[in-house]
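Trainee: kindly return the folded structure for what I paste below:
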Amino acid sequence: MSSDSIPPLLGIANRDIDVLRVITDCLHEAVCVIDAEERVVVWNRSSEKLYAVEREQILHRRITDFFPDSLIARVGRSRQASHNVHHSPRAGQHILASAEPLYMNGVFLGAVSSDRDYAEVTRLYQELEDAKSRVQFLEGEIQRFSGS
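Mentor: Numbering: from 1, shown residues only. Model prediction:
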């Protein structure tokens, strides 16, 4: 979708939306931004992969049309941030999500979320724990051989 066909949302110029899209497409986390009416303004490539929903399908549509129990929509309605929440936006899907309401000059604009596959987060945590165990083992071996 070209910037010419994007209506100005959140008071952001079309060119700035394009720049924001390029930036968010570089992120590993799934990033979604909704406006005050819960319409999707930003949906990055990682969101497409995580949720199997193409950008062209979801942009300018209500997030709840795709995810009725969406954390970002709840944050938008409550105006209360949620951080590192284990969330299931669809049956059988588990993610770790954070979402924040967006304000500019005291005016509520919408909300932003950053999501990761829970299985990936769990795998990374396990890798970190394994590396920590190896370091502790090696430290013990060094002490044993050095006679300390």
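
Trainee: residues in contact with stretch 94-113: which ones?
Mentor: Residues outside stretch 94-113 that contact it (Cβ atoms under 8 Å, 6 or more residues apart in numbering) are 10-11, 30-36, 38, 41-42, 50, 71-76, 79-89, 114-119, 121. Every C-beta, even on glycine, is put in place using the N, C-alpha and C of the backbone.

Trainee: residues making contact with stretch 36-43?
Mentor: Residues outside stretch 36-43 that contact it (Cβ under 8 Å, 6+ apart) are 9-10, 17, 20-21, 24, 31-35, 53, 55, 58-64, 73, 76, 108-110, 112.

Trainee: residue ranges for the strands of the chain, please.
Mentor: 30-35, 40-43, 82-87, 95-104, 107-117 (DSSP state E).

Trainee: check which helices and strands the lowest-mean-pLDDT helix or strand in the chain sits against.
Mentor: Every helix and strand of the chain was ranked by mean pLDDT, DSSP states H and E. The lowest is helix 118-146, at a mean of 76. Applying 3 or more Cβ pairs under 8 Å, 6 or more residues apart in numbering; DSSP states H and E, one finds that helix 118-146 contacts strand 95-104.

Trainee: centre of the chain to the strand it packs on, how far?
Mentor: 8 Å (Cα atoms, centre = their mean, to the nearest Å).

Trainee: related to what we said a few turns ago, pipe the strands of the chain into CSV and attach distance to residue 140 and mean pLDDT per row.
Mentor: Shown next, in CSV, are the strands of the chain (distance: least, Cβ to Cβ, whole Å; pLDDT from 0 to 100):
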stretch, distance to residue 140, mean pLDDT
strand 30-35, 40, 95
strand 40-43, 49, 93
strand 82-87, 33, 90
strand 95-104, 33, 93
strand 107-117, 34, 93
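
Trainee: could you export those strands to a markdown table, including columns for distance to residue 131?
Mentor: Shown next, in a markdown table, are these (distance: least, Cβ to Cβ, whole Å):
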| stretch | distance to residue 131 |
| --- | --- |
| strand 30-35 | 26 |
| strand 40-43 | 34 |
| strand 82-87 | 21 |
| strand 95-104 | 20 |
| strand 107-117 | 19 |
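
Trainee: okay then, goodbye and thanks.
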